Structure formats: C-alpha cells, structure tokens
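Asker: sequence and predicted structure, then a few things I'm wondering about:
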Amino acid sequence: MALTLAYLAILVAAVSGLAALPFGARRRLAQRLVFLLLGAAGVLAIAAGAAALLAGLEQRGELALGLPWLHWQMRLDALSGFFFVLIGVVVLATSFYGPGYLREYERAPRPIAVLHLATGVFVAGMLLVVLADDALSFMIAWELMSVASYLLVTFEHERGANRRAGFLYLLMAHVGALAILLAFGVLAAFGGGFAFAQMAAAELTPLWATAAFAFALAGFGAKAGLVPLHAWLPEAHPVAPSHVSALMSGVMLKVAIYGFVRVTYGLIGQYYWGWGLLLLVLGAASALAGVLYAIQQNELKRLLAYSSIENVGIVFLGIGLSLIFLGAGHPVLGTLGLVAALYHAFNHALFKGLLFLGAGAVIMRTHERDLEHMGGLIRRMPVTAGLFLVGSIAISALPPFNGFVSEWLTFQTALRAPVLDGGVESAVLRSLIPLAAAALALTGALAAACFIKAYGIAFLGRPRTRHVARAREVSPGMLAGMALLASGCLLLGVLPTPVIAALAPLTRLLLHVELPQATASGWLWLTPVAPAVASYSAPLVAVAIALVFALGYVLLKRRARPPRHTPAWDCGFGGLTARMQYSSTGFAMPMRRVFAPAWRIEERVETTPGPDALGRPRAIRHVLHVLDWSWLKAYVPIGRLVLAAARRIGALQAGSIHTYLVYSFVTLLVLLVVQWLVAAA
Amino acid sequence: MSLAQLSLYEQAIIVFAALVLFTSFIMLAQARMLPLIFAFAWQGVLLAVATALVAYVSGHPHLYISVGLTVALKVFLIPWLLYRLALRLGIQHEAENIRHPSLLLLAGAALVVFSYYVALPIVRLSGLATRNTVAVSIAVVLVGMLLMIARKKAVAQVIGFMSIENGLFFAAVVSTYGMPLIVELGVAFDVLVAAILFGVFFFHMRESFDTLDVDRLNRLSEAHESILTHDEAADAAAAGERP
Amino acid sequence: MTAHAFLAWALALAQTLALAAAAPLLAGWIKRVKCRSQNRAAPPLWQPYRDLAKLARKDVVLADNASWLFRAAPYVVCAATLLAAAAVPFFAVDLPTAAIADVIVIAGFFALARFFTALAGLDVGTAFGGMGSAREMMVGALAEPAMLMAVFTLSMTASSTNVASAVDYVLNAGLVLRPSFLFALLALAMVAVAETGRIPVDNPATHLELTMLHEAMILEYSGRHLALIEWASQIKLAIYAVLIANLFLPWGIAQEFTPAALGLGVLAIAAKLGALGVVLVVWETVLAKMRLFRVPQFLGFAFLLALLGMLTFVVLEAGG
C-alpha cells in the first residue's frame, strides 16, 4: 500500500510538467494544474513516507525497467520514509507558492513549460533516488535529478553568469557521480551484485570498506557542498527560480545526505572512529566556513546558499559523532548522534525552504537581489516579514524553534566524549570532540549574526530604493506555502520528543538500537541521555514566553495610553535619510576584521581627483571583494591543470585528415598485434 | 585515577602544574617586554611552589635544594638581569607586533593535545600520583620552543629558552622526583651563564644592527650585504611613514 | 500532583520571582559600592527600583517608522531572560524548573534576547542602532563559544549539563582542587563581563556614541519598553553572578525544602552576590574601557582559558 502510494507520487510528479503542454495558450490554468499535481505528489509522498516511517514498514518491489537481468529494485523502509516525508513537505509548500510566484515569469522570453517539465522530473528523480534499492536505478535516478536541476539552474540562460554556474554545477555533479559509482563498484565487487541487498551482505575488509567510505564521502559530499568542494553551490543554487532554489537547497542536499547515510549505515555497515573523526573535522570546517562566507554576502540568495553549506556541515558533524561512538562501541550514543544529524537535516529542509521562498517573494516584489538596496520591507510586506523572521530565528538555532533542538542534541552527543576510554585514540577523541563542540557554538553565534544582518537590512530600517518603498505583499497562495514551512519549524521546535519517538523505527532499522531514555519522561520533556544529565522542555518554554507576553499586555500595555509617534533621534541635525543607515557591508565589517584570514579580501579606495586647485576629490569609491579561498586554492589550480593536460593531448588534433587516418591505421595495427600476442600466449 | 582520590596536596600539585602551563601561554601572547619578564618570574614562582609540594608529598628533601635554586635563579636573578638589561637598552616600553595572536595561541593548545598523546605511554608506566603532569611539562617545553620560533625580539627568545628549561626541570621533578643534584646544579649554572651571555650578546647585536630583532641576523651572511643598504633605506622610509 | 511536587513547583516559581526581584538590588549595590570606592555620593540601594517604576509609568514615544518588531522585542527579551532565571538555582537546588532548561538552553535564551535586541536596533534605521547591533553581534559571537566551552568543562566533570546536577555534584564531591574549574571560572567571569556590558568591554554609564554597544541599540526605547529592557539586563547580570557563585562555590545552597535550609540558602547567596559585586567594582575601577577591536583579543583570551580548562580536564583530571 505504502509502496503503491510512493510509486504514485513519483508518477504524478513526473507527469506534472506535461500537464502544462495542452494548455499552452491558457497559462494561468496550466500553472494551476501543474502545481496541483505537484502538490498531490507531495501529499502522496508524505503519506507513503509517514506510513513507512511510523509503522516501520519495509516493502520491496520490482519495476520492469532497466537491464533484463536486473530489474529496478525498489524498497520503502523507515529511512526512505523519513526522506519521503522531508521531500513531500517542501514540495507541497512549493506547490502552494508556485502559481503566484511564476506570474513573474509569464512575460519571460522562453516557454515556461520547460521549467515545469524540469521541475517535475527533478522532484520525481529525488523521490526515485530515495526509493532505489539497487545501484543501477539509484544512479539513473541520481542523474535524472542532476540533469533536471541543471536545466533549472540555467533556466534564465541569457545571463552569462547563469550559464557558467550551470556548467560548473553539471561538472561537479558528474565528478561526484563518478565517485559514487566507484563506491558502488567496490561494494558490488564484494557483494557479487548491484542490488543493495547483496551489497549489504558483503563482507568487506577494513581497507576496502574505507575505500568505499572515502568514495561515498567524496561523491555525496561534493553534492552536499562539503568544504573544500563547496564552491559550486553558492553559484548554482541562487540563480534558479526561487521555488527551485528552495527545492535544491532544502531537499536535494538532503538527498545527498540520504545517499551517504544509506551507503555508510545501510550498505557498508562497519564503523571506525577514524571515519568519524574525518567527518567531524570536515563538518566543523564546513559549518564555520559556510557561515563565515554567508555573513559577507550582500546578495540575499547567495547568503542563503552559503548558509546551506554551514547546515550541511552541522549534519555531517552529527554523523561524525555518531560514527565515532559506534566505532568505539557505544551504540546508544552513536544512535543519538545519527538522530541529531537527521533531525537537523529535516529542520534545514524546513527553514531553508522557508527562507528561499521568502527571498523569492522579496525579489519578486522589489526586483532587487542585493541587500544593499532593500530595507523597510516589514512595513510593506508584513506577513512575509513575519514568516521570514520565523525562518531566521530557527536557522540561528534559538529556542523554542527547531534549529535549536537539533543543535542541542548534537551538543549533548558531543558532551558524552568522556565515556570514551582506553587506547590512544580515545585520548585523541576526548580532546578533539569538545573542540568540535566549540566550533559548533561559534557557528551558531555567527549564524545569528548573519541572519540578523539579512533580516535587519532587508526588512527593517528605511527603504533604500524606490522599488523597495513601493513593494506589495505577495499573494495568499505564496504566503500559505511559507506558512506551511514556518508552522513546521515551530512544531518541530516545540514537540521534539514525539518526533524522536517517531524516528525509533529508523534507528532500529539501521542500528538495531532505539532511544527509549530520550522519550522516557513523557512528551513534555526531552532527555536524550538521562533526566539527570540533560533535559529540555520546549513546550514549557513556548508556554512561558506566551505567558510573559500576556502578562506584559495585561500589566503594562492595557493600562497605558497609546504610544506617541515622533521622528527618530537625529542628534539635532535633522533629516535622517535611508543612506545614513548601516549597510550590509558595514554590518559585516567587524567580522571581516576579526576573522580576516578566513577570506581573501581585496579592498581599496579609488579617488577621482577633482578639477579644482585644492585637489578635492570629485568621487570616492570603496571597492570590496571578499573571495572564497576554496575557489582560489582548489578549483582554479585544478581547472588550470586540466586545461594544461587538455592542451597536451590537444596536440594530437592536428587538423589534417591524413594524420587522423594514420592514427586509426596505427591503432588498428596495434590492436591486431595485441590480439596476435594474446592468441599466441 | 581520578582527581578526587588524590590527597589535597597532590591535587594542589596538579593545580600548580596547570598554572605553570598557563603562564607559558601568557608569555606566548604577551607582546610587551616587561610583562613578559614578569610572567617568566611568575612561572618560576609557580614552579617552585609545585616542586616544594612534590618534595613534601614524596618526602625527598633534596628537592628543597632545587626549590631554593629555582627561586634564587628563575624568580629573582634572571628576571632581574633581564629587567636591568631592558632598562639599559631602553626597550622596556617596546611591544612586538605579533601576527595572528589567536592562531598562535590555538597552535599552543594543539601542542598541549599533542604532548598529551606523546606522554600517554609514559603515564601508563609510571605509578606516581603526579604522572599526569608529565604531559604538562612536555607542553611547557614545546610552547617555549613555539615562543622562540614565533617571536623576533631577542628578549622574547631568551625567555622562550628559559621556559624550555623550566619545562625540562618540571618534567624531571614530576616523573622521577628530580634529577641527581649534581646534574641540577650544572643545569642551573648553565642557565645562569646563558643568561649572562645573552646579555652580552644583546649589546653586541644592538651595536652592530641597531635593533634587537633576530631576523636581522641573517644579514651576517655576506650574500645579503648588497641588499642590506637597499633594505634599510626601505625600512627607514616605512618608519617615516608610520604615524 | 503530590504535596511535595506542588511545594517544589511553588518554591521554583518563588525562586524565579525572587531572582528577578533581587536583580535591581544587585545593580543598586554595585552602583553604591562603586560610588563609595570612588569617593562619590552614592544613590540609595533601591534607586534602580525607582527608575524602573518611573519608566514603567511613563508614556512610550516611538519613532515614526518603528515596526511591530520594535514593540515586541522588549517582551521577548524579558521573557527569555526570565526563563533563564527560572533555570538557575538561586537559593535552593533540585527545583523542577531547573529541568526545563540546561545550561546550553540558558545560553540559547541569552542568544534569543540578543537576537531581538539587535533586530530592534536595526529597526528604526538610524546609524546608532545599526552600529550597536553590528558591534553587539561581534561581541556575542565571540563570547558565546567561550561561555559554552567554560560550561562544557564543568558539565564534563559533573557529567551533566543541568546546572542543578552540576551544583549537586560539586556539593557532594566535597573540596577538590580542580585546575579546570579555576580556568573555567576565570573564563566565565570574563564572558560575563562582556555579555553584561561592563567595563572594559562596554560602559553601562556612557551615552557617547563611539564607546557604547548595548546602549546604542536601545537608544530609541522609552517608557515601559525601556523599563523591560533595563530590567532584563539587570536580571542577566544577576544570573551570571548567581551562576558563577553557585557553580563554583555552591556551599550554603538549600538542598532540602525546610525553612532553616532555605533561610540559610538565601543568606548564603546574598553574601556571595554581595562579595561578587565588590569584586566587580574593583575590576571596573582598576580597568579602563578598551577600544572595540581589542575586545576580540579579550574574548579570545577568555576562550583560551576555557580551552585550557577543557584540556587540563582531559589531560590531568580524567585519568589515563
């Protein structure tokens, strides 16, 4: 039943784009239909996933596709169910959001049906990846997802930057896919087949297990945007239409995490602390680098994309802790780390989806992508501002929203480091895990600074341009899409205990462990290890905040006279203008100074001398470029290397047809000689 | 063995060991000359107290002689010599420009972790209550070396050198309750001679180069001579620009 | 609900209210000692109460373009701070409210309060507010890891992140000299100074634009909003003082709910806070306010102390 629903979800998603074609002339209707189907796919995915996750079902199926001797194996279990729900929620939100948002693209010079087709295939591909139970169908679904999202990234291809971003994206997607293929290759060689069941049964030697792990990490890490492979992500994600950005950052990165978890926990099934340590370092580095780069961005969607790198880093940090504890023989703590990571993955899908949708709403109404030109939108778009605020609080890991819960769980896992004992490696880990926790703390605090900047500059203060001053609130449908995700953020923040209880089938499936002690004290209390060790009651926190508001209203506000409105304090000079506000660049300046080595900063002041005798400058220009080290130190040198190699090989290409004939002739001769040698032997 | 099982004196030894390490970090981050010298003197004080406690707990009276030597040399004589030197050279208000001090401190912390791993096998072998502090003493040696590597001013180099000696001394005290007395006396004498030699060396350096920046010592090689004048001109220009 | 549980919840509520009510008194005490130490005429101890009452009665003046966020922020700040106050053992330990939030959540509450204060600073769109917000976030971003690192040291020793459990652990272990606690104490004290906007990081008494952080953000507030914010910052100072006093020197705190024990608990915490206030005054009198870009070094040093605390715990105390 659940599996049928899942198939149906994939099918509906795949054909949703086609629905637009017959109505070419009546665009509005076509769009409604497309998003209706997409929403239906989302609901079906949620239903299928929830059934599989909550009941702990494990249903297998076979599709008569693919190779004659290897039909596509499908499996819906608790892990796929979890990711089905995740994908479904965000897809559902975009389906509410889409019709209103795409009005913007109606006057675009290209058929919008392409967008719909690619979106449908993209969603179907993601669902199929999660459902796949053999390497072949997994890779096909993976490629569907990558290629469809490439089309989405390059949808506005008249801008050169978008084409470049699209190329980079496709390149990295395929380099990553190659690594994944190698990981499957190792597993298949030991397991004797490409079905996941055979791979899971394989007995790997530690060396080959590590090789498979390394390939999986490189492949899925490249897709998820781990440092130092992340530089493509902030180029590609922001240039797609915003509802697609929400899907890419919110969901596609999670599909990469799904792949990593599936391969590591489901297929390799061996755990070494060294792997965990590697993930811990990479995760902490990604989290810190992501947030530091995010803070320096002035373009709203780019900022959000960099922040996705940060959150992927946090997820990988949790997985790293999990692997460390599993490798050291503490399965319960290992499970806790995995739960924290998956919880954060779900949270990130919700709030990053919400933030990208909010950014899309802002860009649609103001036609500005640059924070420096925004301002004061809270008065023009109050509901969007409120929903964006929810997302900002959640992503900054503040109670009582969901981001806090998952980071808190990660902290709690990290703080159990003293249980590791015996051997030099435990000494290494005992002293390094707290450092990772400190990095996580710094990340959280910097994320708060980053989103105060994004929110404060875009929504608060005075409008900095005329467009922005005339912005209007977006349509109710778009608001509903955002509200759906925002309520998810609140719900997962206030009720963490039932959520963790719902994850029990998942942990039982992967690790044969549950976390009974986490939920032992009832739904009101979250006690990941034991009540005496740590406890958090999100419902009570939410109630208490509401109570203080009510008390404040009763005691102070109700009795008081309405506030008087006067101009803001201007030091007596008069005439505060929008240009006197703190700018986005200015807000980030203290961070730029404190963490200076984190970026390659190019800053200069250009003065145009004036004509008068005093030499007073006519114009002063401040130029600031904050560049990504990974781009300069990893991508550019590798690109140069590849180009140089290509040039060497290019020497073969002489351009004369006779030379090419000689090549063919020589090749043929050599092959014949080889054939002869083999036959002789 | 957990901390609560030790006697109060042994706990105190561990506290002072941690404080000795802490003074090493203070020296690593301290850019000004006189506070640097004072921090070194304080390290001597803490070292002496820790050694005295070890002597009391272990009942090795010969360690009291080491305590006396430490107090006399490292708390009073050498800091006083350096202090006088700093006054006479007129560098008491100078501050060195340390690049990325926070990275330097993090590197120091990494050295502590590293020395912990290095010391683990030794700790396993030893049965002494103070065995865990071996890692701390190794860390003091390493941080002292880091100090010498990272700093340019000659005074800081001397302080780094002396704190390396402090670390070695502390390692001997906590791992084997001190070296034979004759060795300790010899080392103490060496340190004293080194301090005096450094003093003489400072004056010569100052006369030859007009600076206490040890980076300039590379000019002693002849190949650099032609560059010298050019470089100095650039330096002078830079100095003139500075407000 | 049993009678004992009811008593515990009632006591917990009373403790929270007592902490909130005593916070202005601590502020008044610090001010008084400071004035005395500098040979100035001192305001009476209850002056902060008078100020708060007067502000609460006054009308609110809002800037023209202030949004709803500006008006909601004081309530959020106050709520977050009160929640943090509820989770800290004040004169009695083992109360049920302590289980609502462990020390990481307390840090989260402070971060929530800071988040809204900083947003309110940006809301009106003056240069002051933006400057205050940008600076406050720099300080906050550096202080938070140092604070968490310091409390991680404690919680690893006590093997619990609940403040109440940590206090119990220290009480039951008796007198043990722990170098890690020494470092954590120093680190936490430095973070507390930075977080509560005291000298040398910020000057609570100044309104000179180049030197202020916290005051710059709340410059546009007036009336009851300002009263709430001022009260919240007094409670924050009190919470940090109570945390330091009860985590490192918990002796005297009531472990059972008898009148004698509770009375002793109240007396003990009053004495500890009074002494801490004097220490703060001496510290503030001796030091001068540092320029803004020295603050990262100050907080970096606090982080180093916390890190050394953690490392000494791992190297020296945890055993090999």
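Answerer: The structure has been received and is ready for your questions.

Asker: only C-alpha atoms from now on, for both contacts and neighbour counts.
Answerer: Fine.

Asker: what's the spacing between residue A:314 and chain B?
Answerer: 22 Å (Cα to the nearest Cα, to the nearest Å).

Asker: is it fair to say that residue lies in a helix?
Answerer: Yes: the assignment for residue A:314 is a helix, going by DSSP: H, G, I helix; E, B strand; the rest coil.

Asker: now for the helix or strand encompassing residue B:84, which elements pack on it?
Answerer: Here residue B:84 sits within helix B:78-89, counting by DSSP states H and E. When contacts are defined as 3 or more Cα pairs under 8 Å, 6 or more residues apart in numbering or on different chains; DSSP states H and E, helix B:78-89 sits against helix B:33-58, helix B:181-209.

Asker: reformat those helices into CSV and put mean pLDDT and mean neighbour count next to each item.
Answerer: Listed next are the helices and strands packed on helix B:78-89 as CSV, based on pLDDT from 0 to 100; neighbours: other Cα atoms under 10 Å in any protein chain shown:
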stretch, mean pLDDT, mean neighbour count
helix B:33-58, 91, 21
helix B:181-209, 73, 15
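
Asker: export the ones you listed as TSV, with columns for distance to residue C:67.
Answerer: Listed next are the helices and strands packed on helix B:78-89 as TSV, based on distance: least, Cα to Cα, whole Å:
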stretch	distance to residue C:67
helix B:33-58	51
helix B:181-209	65
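
Asker: of all these, which one is nearest chain C?
Answerer: Closest approach to chain C among the helices and strands packed on helix B:78-89 is made by helix B:33-58 (13.2 Å; Cα to the nearest Cα).

Asker: following that closest one, which helix or strand comes up?
Answerer: helix B:62-70.

Asker: now the angle between helix B:33-58 and that next one, please.
Answerer: Here the directions of helix B:62-70 and helix B:33-58 differ by 170 degrees (axes from the mean of the first three to the mean of the last three Cα atoms, to 10 degrees).

Asker: counting contacts, what elements does helix B:62-70 pack onto?
Answerer: With contacts taken as 3+ Cα pairs under 8 Å, 6+ apart, helix B:62-70 sits against helix B:33-58, helix B:181-209.

Asker: right, and the ones you listed - which one's nearest chain A?
Answerer: It is, among these and with distance given as Cα to the nearest Cα, helix B:33-58, at 24.8 Å.

Asker: by contact count, what packs against the closest one?
Answerer: Checking 3+ Cα pairs under 8 Å, 6+ apart, helix B:33-58 ends up next to helix B:8-29, helix B:62-70, helix B:78-89, helix B:154-176.

Asker: in TSV, list these along with mean pLDDT.
Answerer: Listed next are the helices and strands packed on helix B:33-58 as TSV, based on pLDDT from 0 to 100:
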stretch	mean pLDDT
helix B:8-29	90
helix B:62-70	86
helix B:78-89	85
helix B:154-176	85
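
Asker: distance to residue A:349 and mean neighbour count added to those helices, as a markdown table?
Answerer: Listed next are those as a markdown table, based on distance: least, Cα to Cα, whole Å; neighbours: other Cα atoms under 10 Å in any protein chain shown:
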| stretch | distance to residue A:349 | mean neighbour count |
| --- | --- | --- |
| helix B:8-29 | 43 | 23 |
| helix B:62-70 | 62 | 19 |
| helix B:78-89 | 61 | 17 |
| helix B:154-176 | 52 | 22 |
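
Asker: make JSON lines from those and add distance to residue A:504 to it.
Answerer: Output for those, formatted as JSON lines (distance: least, Cα to Cα, whole Å):
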{"stretch": "helix B:8-29", "distance to residue A:504": "44"}
{"stretch": "helix B:62-70", "distance to residue A:504": "61"}
{"stretch": "helix B:78-89", "distance to residue A:504": "65"}
{"stretch": "helix B:154-176", "distance to residue A:504": "50"}
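
Asker: so which of those helices is nearest residue C:301?
Answerer: Proximity to residue C:301 (Cα to Cα) singles out helix B:8-29 among the helices and strands packed on helix B:33-58, at 9.2 Å.

Asker: give the contact list for residue A:484.
Answerer: Counting by Cα atoms under 8 Å, 6 or more residues apart in numbering or on different chains, residue A:484 touches residue A:93.

Asker: what helix or strand is it on?
Answerer: Taking DSSP H and E as the definition, residue A:484 sits inside helix A:476-494.

Asker: and for residue C:147?
Answerer: helix C:127-158.

Asker: what separates that helix from the chain centre, distance-wise?
Answerer: 12 Å (Cα atoms, centre = their mean, to the nearest Å).

Asker: quick one: it near chain B?
Answerer: No: for a cut-off given as Cα under 8 Å from any Cα of the partner chain, helix C:127-158 has no contacts with chain B; the smallest distance is 10.4 Å.

Asker: that helix close to chain A?
Answerer: Yes: Helix C:127-158 is in contact with chain A by Cα under 8 Å from any Cα, via C:127, C:130-131, C:134-135, C:137-138, C:140-142, C:144-146, C:148-149, C:152, C:155-156.

Asker: show me which residues of chain A are close to chain B?
Answerer: With Cα under 8 Å from any Cα as the criterion, chain A meets chain B at residues A:424, A:427, A:428, A:431.

Asker: report the contact partners of the closest residue to the first one other than its chain neighbours.
Answerer: If I follow you right, that is residue A:424. Using Cα to Cα, 6 or more residues apart in numbering or on different chains and skipping the chain neighbours, the partner closest in space to residue A:424 is residue B:117 (6.7 Å). If a contact means Cα under 8 Å, 6+ apart, then residue B:117 has A:424, A:427, A:428 as its contacts.

Asker: least trustworthy helix or strand in the chain by mean pLDDT?
Answerer: This is for chain A. Across the helices and strands of chain A, the lowest-confidence element by mean pLDDT, DSSP states H and E is strand A:59-67, at a mean of 84.

Asker: you answered for a different chain; I wanted chain C.
Answerer: Using mean pLDDT, DSSP H and E, the lowest element in chain C is helix C:214-217, with a mean of 84.

Asker: tell me which other helices or strands that helix touches.
Answerer: Secondary elements touching helix C:214-217 (3+ Cα pairs under 8 Å, 6+ apart): helix C:103-123, helix C:127-158.

Asker: quick one: mean pLDDT over the longest one.
Answerer: Mean pLDDT, taken over the full extent of helix C:127-158, equals 90.

Asker: tell me what angle that helix forms with helix C:103-123.
Answerer: 180 degrees.

Asker: now do the buried residues in the helix or strand just after helix C:127-158.
Answerer: Sequence-wise, the next helix or strand downstream of helix C:127-158 (DSSP H and E) is helix C:163-173. Within helix C:163-173, the residues that count as buried by 16 or more other Cα atoms under 10 Å in any protein chain shown are C:163, C:164, C:165, C:166, C:167, C:168, C:169, C:170, C:171.

Asker: now do the spatially most central residue of chain B against residue B:122, distance only.
Answerer: In chain B, the residue lying closest to the centroid (Cα atoms, centre = their mean) is residue B:163, at 2.0 Å. Using Cα to Cα, to the nearest Å, residue B:163 is found at 22 Å from residue B:122.

Asker: again with residue A:506
Answerer: Look at residue A:506 and residue B:122: by Cα to Cα, they are 44 Å apart.

Asker: for residue 149, what are its contacts?
Answerer: You didn't say which chain, so I picked chain A. Counting by Cα under 8 Å, 6+ apart, residue A:149 has contacts A:118, A:119, A:122, A:248.

Asker: should've been chain C
Answerer: Residue C:149 sits next to A:434, A:438, C:303, C:306, C:307, C:310 when contact means Cα under 8 Å, 6+ apart.

Asker: let's have these in TSV, adding neighbour count.
Answerer: As requested, the contacts of residue C:149 are arranged in TSV below (neighbours: other Cα atoms under 10 Å in any protein chain shown):
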residue	neighbour count
A:434	24
A:438	25
C:303	30
C:306	30
C:307	27
C:310	30
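
Asker: the residues you listed into JSON lines, with extra columns for secondary structure and pLDDT?
Answerer: As requested, those are exported to JSON lines (DSSP: H, G, I helix; E, B strand; the rest coil; pLDDT from 0 to 100):
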{"residue": "A:434", "secondary structure": "helix", "pLDDT": "88"}
{"residue": "A:438", "secondary structure": "helix", "pLDDT": "90"}
{"residue": "C:303", "secondary structure": "helix", "pLDDT": "92"}
{"residue": "C:306", "secondary structure": "helix", "pLDDT": "93"}
{"residue": "C:307", "secondary structure": "helix", "pLDDT": "91"}
{"residue": "C:310", "secondary structure": "helix", "pLDDT": "89"}
